[in-house]
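Colleague: quick one: sequence and predicted model below, then my questions.
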Amino acid sequence: MNDRTKTGNYPVPESPILDEKYKIKSVHAGYAHNVLVTRDGEAIGYGHNMDRQLDDSGQDIHLPIVLHDVMKFGKVIDCSCGQYSAVFLLQNRNAVIRGKIGTKTYSVATLFEISLPIISLSVGEHALFAITSKSILQN
């Protein structure tokens, strides 16, 4: 039995108070991690972090924190969480990848930059899909 299947292995993230302080635009959930995107373009995360889907520590995050290593690439306008990952759509229409997608682990925030602006994106357990004005790309 691996760590992901043991009962009680994951912390239950404490729910943040959703008040005007956070100005929440959207909420995204992975297997045991959550990302909030604010109207100001911040990404806030908490929960399980073994695959570094939230920050570089690899430690679980029990209270919401601003994801500064994602924010260094620009303001966040949307997010998609996979089972063990998070992908952030930036205002400049590039994306930042964190965590594990399939067999590849992005243990630090990685810019997913393509020649066409990304309109929308989605991530699952094994693949990242990005929609541009001309095509659908799979990573």
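Modeller: It's in.
Colleague: per-residue pLDDT, the most centrally placed residue in the chain?
Modeller: Geometric centre of the chain, nearest residue: Ala86, 2.3 Å, by Cα atoms, centre = their mean. Looking at Ala86, its pLDDT is 95.
Colleague: equivalent analysis for Lys100, please.
Modeller: Per-residue pLDDT puts Lys100 at 93.
Colleague: dump the residue contacts of it.
Modeller: Asp51, Gln53, Tyr84, Ser85, Tyr106 (Cβ atoms under 8 Å, 6 or more residues apart in numbering). All C-beta spots, glycine's among them, are computed from the backbone N, C-alpha and C.
Colleague: 7 Å instead, please
Modeller: Asp51, Tyr84, Ser85 (Cβ atoms under 7 Å, 6 or more residues apart in numbering).
Colleague: ok, back up a step: for the helix or strand where the residue nearest to the centre of the chain lies, the distance to its chain's centre please.
Modeller: Following DSSP states H and E, the helix or strand that holds Ala86 is strand 84-90. Chain-centre distance of strand 84-90: 3 Å, with Cα atoms, centre = their mean, to the nearest Å.
Colleague: for the contacts of Lys100, pick the one with the most neighbours.
Modeller: Ser85 (26 neighbours; other Cβ atoms under 10 Å).
Colleague: touching, that one and Gly99? I think so.
Modeller: Yes. Ser85 is within contact range of Gly99, at 3.4 Å (criterion: Cβ atoms under 7 Å).
Colleague: hmm, Gln53 is touching Tyr84, no?
Modeller: Yes. At 5.8 Å, Gln53 and Tyr84 qualify as touching, with contact defined as Cβ under 7 Å.
Colleague: many thanks, we can stop here.
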